[in-house]
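J.: sequence first, predicted model second:
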Amino acid sequence: MRLLFLLGCGLFLTVLSGQQTLHVITTINPHPADEIAQGCQVDARNVDKLFNYVAESLARQGIPMQVRRHNPGFTPNEVSEFLEGFYVEPEDAVFFLYSGHGLADPEAPRWPLLYYCAEGNGVHDAAGCGVSLWDVHESIKQSGARMSVTVGSSCNAEPEGAASTGAASRRTEFAGEDNDGGRESTHYGIDLFTDFRGHILATSARPGQIAYLNDAIGSYYVDALVNTLAEALQSDREVSWPSILRRTDKVVRQHWKKEQEAHFMVNRGDSELYSDPDIRYPGEGEVRALEESYYTADWEAEEDRAEAIELLPYLLVDIAYRVSTGEEDFDARLDAIESFYEQLLAAHYPEGSLEDLYLALTDLEEDPEWFEEETDYAGLLYAELSGPLRESADQFIQSLAD
C-alpha cells in the first residue's frame, strides 16, 4: 500500500454561521479482555487520524464544514437512544463506523448484526446484544442528512474460531498534501464529504464469512478503507465512493489475501444499487446493480499503477537476492537497482521516492516474511502494468537476472 502521512493536527471545530457539519460516529469494541480488543483500538486510532486530516483539510481550504465526533456507549440501548435523538441539518454529512464482533442477521440477511456486548464465555445473545447494521443505516438516512456512509467491520456469521493472529509489520501511516479538487465536481478530494448526495451502506464480509484483524494493524478492512479514502482525498482525479469501496475490497483480498468479500449499496433517491446484484438473499425483491458508470475506473487504474511502482523495489531486490553469487555481487546489483529506479521515478512517477527501495531492503533484512508478502503483491500489480513503463522494467529485470 502507498504510505500516507496524515498530519497530527488538532480538530478545527470553529462554528461558522450556516456551515455544514460532518458527523463522525464510531462504535468500536472497548472490552479489554476480548481477543479482538487491541485490533479494534488500532481501528479507532486510524479513524481518528483520518478525520483529523479531514478537519485540517476543510480548514485549510476555507470550506465551511466542521467535523463533530460522536462516541455512543457500546451497548444496544445506548446506540439506539443515540440514533433516536440524533439531529442533523439538511446539508450535513454522516460517517458511521462499527468495529467489533458481528453475527448473521435473520431479519436483514445481507447485512450483519452488530454485537454490542463483551464476547464473554462465547455464548452469544443476539436478541439482547445485537443491533442491525441495516437499521443503523436506515435511522441515519431518515435523519435527513444530505449524505451518509455507514460501515460495519465485523463477521457476518456465527464465529468459526479466533481472529487472525498473524501480525504483519504494516507501516500504516497517513497523509501528505490534500487535493482541493474542483468545487464544480462532487467527486474531487474533500468534495466526497461536502457535495455528495446519497446514502451508502457497506460491510466487510458477506453472509457466512468472518472478518479478519490482528493486533498490529487492526481490521484489514478498516485499514484498507482508511488508506484508500486518504488516497482519494489527495487525488487530483475524479473519484467516486463506489470506487473507493471497490478498491478497499480489492486490497483486502489481493494484498492481505483474506477470504472475506466486502459488499455495499448506494441509495440515491428511491434507488438502491448494489455492488453484488447477482447474489440474492431470503426476503429480497429486485436487486439493482451499480453500473460501471458509477465507478471512476481511471482513478482505480492510476492507484494500481502508483502502487505497482512503489512496490517494484521488492521485485527487483528479490531477483537480485536470488541470483547474486555473494555479498559483493548483491551490492553491485543493488547499485544498478538504485540507479534504474531513480530514473524510472523521474520519467514515470516524479512524486515517488527512493525511500520505497530502502524500505524493501529493510524488510528483507528485518522481516523476511513481510518482504515475501509484499513481493507477492508487487507481482500481482506488476502484471497489470503496460506501455513504456512496463517495457523499461521488463528490460531491466532481464538484465538484472543475467
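T.: The structure has been received and is ready for your questions.

J.: show me what the longest strand anywhere in the chain pairs with in its sheet, parallel or antiparallel.
T.: Longest strand of the chain, by residue count under DSSP state E: strand 20-28. For strand 20-28, the paired strands and their directions (DSSP bridges) read strand 65-70 (parallel), strand 93-99 (parallel).

J.: after the last one comes which helix or strand?
T.: I take that to be strand 93-99. Next in sequence after strand 93-99, counting helices and strands by DSSP states H and E, comes strand 102-104.

J.: what sits up against the longest strand of the chain?
T.: With Cβ atoms under 8 Å, 6 or more residues apart in numbering as the test, strand 20-28 has contacts from 40-41, 43-44, 47, 51, 54, 58, 64-72, 74, 79, 82, 86, 88-89, 91-100, 114, 116, 145-146, 193-194. C-beta coordinates here come from the backbone N, C-alpha and C atoms, glycine included.

J.: and what of stretch 333-353?
T.: Contacts for stretch 333-353 (Cβ under 8 Å, 6+ apart): 306, 309-310, 312-313, 316-317, 320, 323-324, 354, 356-357, 361, 388-389, 392-393, 396, 399-400.

J.: restricting to C-alpha, output that stretch in CSV.
T.: Taking C-alpha atoms only, stretch 333-353 is exported to CSV below (Å, rounded to 0.1, in the frame of the first residue of the first chain):
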residue,chain,number,x,y,z
ARG,A,333,23.2,-5.3,-8.4
LEU,A,334,21.7,-3.0,-5.7
ASP,A,335,23.6,-0.1,-7.1
ALA,A,336,22.1,-0.9,-10.5
ILE,A,337,18.6,-1.1,-9.0
GLU,A,338,19.0,2.3,-7.3
SER,A,339,20.1,3.9,-10.5
PHE,A,340,17.4,2.4,-12.6
TYR,A,341,14.6,3.1,-10.0
GLU,A,342,15.7,6.7,-9.7
GLN,A,343,15.5,7.1,-13.5
LEU,A,344,12.1,5.3,-13.6
LEU,A,345,10.7,7.6,-10.9
ALA,A,346,11.9,10.7,-12.8
ALA,A,347,10.3,9.5,-16.0
HIS,A,348,7.0,7.9,-14.8
TYR,A,349,6.3,8.8,-11.2
PRO,A,350,8.0,12.0,-10.0
GLU,A,351,6.1,12.0,-6.8
GLY,A,352,7.7,8.7,-5.8
SER,A,353,10.7,8.3,-3.6
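
J.: mind checking which of the contacts of stretch 333-353 are in helices?
T.: If you go by DSSP state H, these have 306, 309-310, 312-313, 316-317, 320, 323, 356-357, 361, 388-389, 392-393, 396, 399-400 in helices.

J.: give the PyMOL command for selecting the buried subset of those.
T.: Here is the PyMOL selection string for the buried members of those, based on 16 or more other Cβ atoms under 10 Å:
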select buried, resi 306+309+310+312+313+316+317+320+356+357+361+389+392+393+396+400
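
J.: so what's the gap between stretch 291-309 and the chain middle?
T.: Distance of stretch 291-309 from the chain centroid (Cα atoms, centre = their mean, to the nearest Å) equals 15 Å.

J.: then stretch 246-265?
T.: For stretch 246-265, the distance to the chain centre is 9 Å (Cα atoms, centre = their mean).

J.: same check, this time on stretch 320-339
T.: The answer for stretch 320-339 is 35 Å, by Cα atoms, centre = their mean.

J.: I'd like the average pLDDT over that stretch.
T.: Across stretch 320-339, the average pLDDT comes to 96.

J.: buried ones in that stretch?
T.: Using 16+ other Cβ under 10 Å as the test for burial, stretch 320-339 gives 320, 324, 330, 333-334, 337-338.

J.: and of the residues you listed, the nearest to Tyr294?
T.: If you rank these by distance to Tyr294 using Cβ to Cβ, Ile337 comes first, at 40.6 Å.

J.: keeping just the C-alphas, turn the worst-scoring helix or strand of the chain on mean pLDDT into CSV.
T.: Among the helical and strand segments of the chain, the one scoring lowest on mean pLDDT, DSSP states H and E is helix 126-129, with a mean of 88. Taking C-alpha atoms only, helix 126-129 is exported to CSV below (Å, rounded to 0.1, in the frame of the first residue of the first chain):
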residue,chain,number,x,y,z
ALA,A,126,-28.2,-11.9,19.5
ALA,A,127,-31.6,-10.7,20.9
GLY,A,128,-30.1,-8.9,23.8
CYS,A,129,-26.9,-7.5,22.3
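
J.: which other helices and strands contact that helix?
T.: Packing partners of helix 126-129 (3 or more Cβ pairs under 8 Å, 6 or more residues apart in numbering; DSSP states H and E): strand 112-115.

J.: give me the below-cutoff pLDDT ranges for this structure.
T.: Where the chain drops to pLDDT under 70, the residues are 1-18, 119-123, 159-187.

J.: which residues of it fall in helices?
T.: All helices of the chain, identified by DSSP H, fall at 37-60, 76-85, 126-129, 133-142, 191-194, 220-234, 241-250, 297-323, 327-348, 355-366, 368-382, 387-401.
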